[in-house]
Each structure stands twice: as structure tokens, then as C-alpha cells.
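Asks: Sequence and predicted structure, then a few things I'm wondering about:
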Amino acid sequence: MNGDAPACRDENAPLPCVGMFDSGVGGLSVARAFLKLRPGARVRYVADWEHCPYGALPGEIVLGRALAISRELAAAGCNPIVVACNTASAVALAGIRAALPDTGIVGMEPAIKPAAALSRNGRVGVLATAHTLSGGLFRGTMCKFARGVRVIEAEGAGLVELVENGELDTPRARSMVAKALAPLLEGGCDTIALACTHYPALLPAMRAVAPGVLFVDPAEAVAQRVAALYDRAAGRSEHK
Ligand code: DGL
């Protein structure tokens with residue numbers, strides 16, 4: 001597949017609109033990656049700033065917000081819908097899929113598989129919110145893909161707030177990033193999966209703090225999946 005004009009779509013049919021949401025600006029990392037693959041595609045993005053950060057809220061509230069926003073996006077005609085937030089995916093992905101069975105739903109999954117494949121010393125770190133680390137999605141991904149590697153987990157306390165405030169590579173940002181990464185670096189991780197869509201915005205600070213470490217951002221892989229669903233919704237032929 002590529003970004004050319006559709007081979008067999010009804011020219012009068014409206015182009016699909018991709019719905020995406022996150023607690024704030026984090027999911028824009030996924031939106032950007034998708035728009036690189038499908039420039040000009042329609043995207044409706046919801047930043048739930050009133051409830052940001054999700055990591056600080058009880059799971060039931062995050063679930064309620066994620067369901068309400070997904071229903072709104074579906075009612076506005078969005079298909080697929082991307083839960084561009086690891087925390088909301090951990091808490092609500094199954095519920096959203098059950099509530100909207102006719103809509104393609106894409107969620108974020110901690111990138112343990114690519115991180116395990118890239119690690120040279122078999123020590124992989126996962127940086128995420130507490131909800132993500134305690135969720136069944138993370139545990140399931142660990143069971144499936146963490147064979148043969150040691151996985152060390154760390155919570156990125158305060159990092160979402162840094163990104164929301166636009167404090168991406170200040171001395172304070174570097175010191176908070178260093179604190180969050182400390183358990184992973186002390187554990188000898190040479191590869192770290194960024195399991196919160198806000199964290200890639202802190203990559204310059206992370207690379208300054210941990211120069212030899214490989215950071216894995218799943219945005220591009222998720223964007224590929226979204227592009228495939230978008231093409232299907234647009235009636236775009238798989239085979240050109
Ligand atoms: N971008 C969200 C995630 O991927 C941020 C979580 C939060 O708001 O605490 O987990």
C-alpha cells in the first residue's frame with residue numbers, strides 16, 4: 001500500500017475521518033505518525049484536558065471518560081477510532097470494543113516485542129503510568145513477548161505534566177527524567193519502551209540523560225495499523 005489515490009473507491013463517498021483521543025497532547029505523537037503515512041487524511045482529535053493526567057485518576061473515571069469520548073467520536077462518524085493513550089487503553093480498550101462493535105478500534109500496547117528484539121543485553125525497561133503497568137494488557141504483552149529477556153518497570157511520575165506544560169528539555173525536565181529512568185538504568189536496561197504517548201516528546205531530555213540507551217516509540221507501528229483501517233474505510237484497494 002502507499003499514499004496514492006484510491007484504486008477503486010466511490011468518488012462521491014465521503015472520505016473517512018479518523019477519531020483519536022488522549023488525556024492531552026500525548027496522542028499527537030500517533031496523529032503525526034499517521035498523517036505522515038496519509039497526508040491530508042481527516043483526523044478529529046480530542047484532548048481531555050479537564051481530566052488530565054489520567055494516571056492520577058481512579059480507573060473507573062478513566063474508563064467512563066474513554067467510553068464517553070469514543071461514543072462521541074463514533075457519533076460524529078469517525079471510523080477507525082484510536083485510543084492514543086496507553087493508560088486509557090489499559091483501562092478501557094475491551095469496554096470500548098464491546099460498546100462500539102461496528103467501529104475499528106486501535107489501542108496502544110507497550111512495545112515490549114520490538115524492545116526485546118532490539119535489546120543486546122536482554123534487559124528491557126518499560127516506562128509508563130501506574131494504570132498501564134498494573135493493567136491486564138501489559139501483563140498479557142509481557143507473557144507473550146518478554147520470553148528470554150528481563151523486563152524492568154518504572155513509573156514516569158510527573159512526566160505527563162512536564163509535556164503538557166511544554167517543559168521538554170529544561171534543567172527541571174532533565175532532572176525529573178533522570179529520576180524516572182533511574183531504576184531502569186540501575187537495572188542495566190539498554191532498551192526502553194516508552195509506554196505513554198506523552199513520553200516521546202521528552203526524547204531529547206531522555207537521550208541527554210541516558211546517551212547509550214535505545215528508546216522505542218510505538219507511534220509508527222500503531223500508525224501503520226490505523227492507515228490499514230483508514231484505507232479499508234476509504235474503499236482503498238489493498239492491491240494496486
Ligand atoms: N498519554 C497518556 C498515556 O499514554 C498519558 C496518561 C496520563 O494522562 O496520565 O498513558
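Replies: Sure thing, it's come through. Please read all numbers here as calculations on a predicted model, not as lab measurements.
Asks: Give me the buried positions along the worst-scoring helix or strand of the chain on mean pLDDT.
Replies: Least confident helix or strand, the chain: helix 136-145 with a mean of 90, by mean pLDDT, DSSP states H and E. For helix 136-145, a neighbour-count test (16 or more other CB atoms under 10 Å) marks 137-138, 141-142, 145 as buried. In this view, the C-beta of every residue, glycine as well, is placed from N, C-alpha and C.
Asks: could you say which helix or strand contains P14?
Replies: Assigned by DSSP states H and E, P14 belongs to neither a helix nor a strand.
Asks: Quick one, grab the pLDDT at it.
Replies: Predicted confidence (pLDDT) for P14: 74.
Asks: roughly how far apart are it and the ligand?
Replies: Distance, P14 to the ligand, by CB to the nearest ligand atom, to the nearest Å: 30 Å.
Asks: With G125 instead?
Replies: For G125 relative to the ligand (CB to the nearest ligand atom), the value is 16 Å.
Asks: isn't that residue right next to I152, touching?
Replies: Yes: with contact defined as CB atoms under 8 Å, G125 and I152 form a contacting pair (5.2 Å).
Asks: Those two: which is more packed in?
Replies: G125 (28 against 17; other CB atoms under 10 Å).
Asks: Spit out the contact partners of that one.
Replies: 115, 151-154, 181, 184, 187, 189, 191-193 (CB atoms under 8 Å, 6 or more residues apart in numbering).
Asks: what's around Y54, how many residues?
Replies: 28.
Asks: thinking it is in contact with C85, fair?
Replies: Yes: assessed by CB under 8 Å, Y54 is found in contact with C85 at 6.6 Å.
Asks: anything in contact with each of these two?
Replies: Common neighbours of Y54 and C85 (CB under 8 Å, 6+ apart) are S23.
Asks: Need the residues touching each of G125 and I152.
Replies: With CB under 8 Å, 6+ apart, G125 and I152 have common neighbours 184, 187, 189.
Asks: Just the buried ones from those, in ChimeraX syntax?
Replies: Buried residues among the shared contacts of G125 and I152 (16+ other CB under 10 Å), as a ChimeraX selection:
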select :184,189
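Asks: which among the shared contacts of G125 and I152 gets closest to the ligand?
Replies: L184 (17.0 Å; CB to the nearest ligand atom).
Asks: Output the contacting helices and strands for the helix or strand harbouring the closest one.
Replies: In the assignment (DSSP H and E), L184 maps to helix 171-186. In terms of contacts (3 or more CB pairs under 8 Å, 6 or more residues apart in numbering; DSSP states H and E), helix 171-186 is packed against strand 123-128, strand 150-155, helix 159-164, helix 203-209.
Asks: related to what we said a few turns ago, mind putting the shared contacts of G125 and I152 into TSV with distance to N121 and pLDDT?
Replies: Formatted as TSV, the shared contacts of G125 and I152 follow (distance: CB to CB, whole Å; pLDDT from 0 to 100):
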residue	distance to N121	pLDDT
L184	13	98
G187	11	98
C189	8	98
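Asks: could the shared contacts of G125 and I152 go into a markdown table alongside distance to the ligand?
Replies: Shown next, in a markdown table, are these (distance: CB to the nearest ligand atom, whole Å):
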| residue | distance to the ligand |
| --- | --- |
| L184 | 17 |
| G187 | 22 |
| C189 | 20 |
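Asks: follow-up on the earlier one: now, among the contacts of G125, which is nearest to P58?
Replies: E153 (20.6 Å; CB to CB).
Asks: now the closest one, which residues is it bridged with?
Replies: For E153, the beta-bridge partners under DSSP bridges are V126.
Asks: ok, it to the ligand distance?
Replies: 14 Å.
Asks: what residues are up against that residue?
Replies: By CB under 8 Å, 6+ apart, the neighbours of E153 are 125-126, 128, 133.
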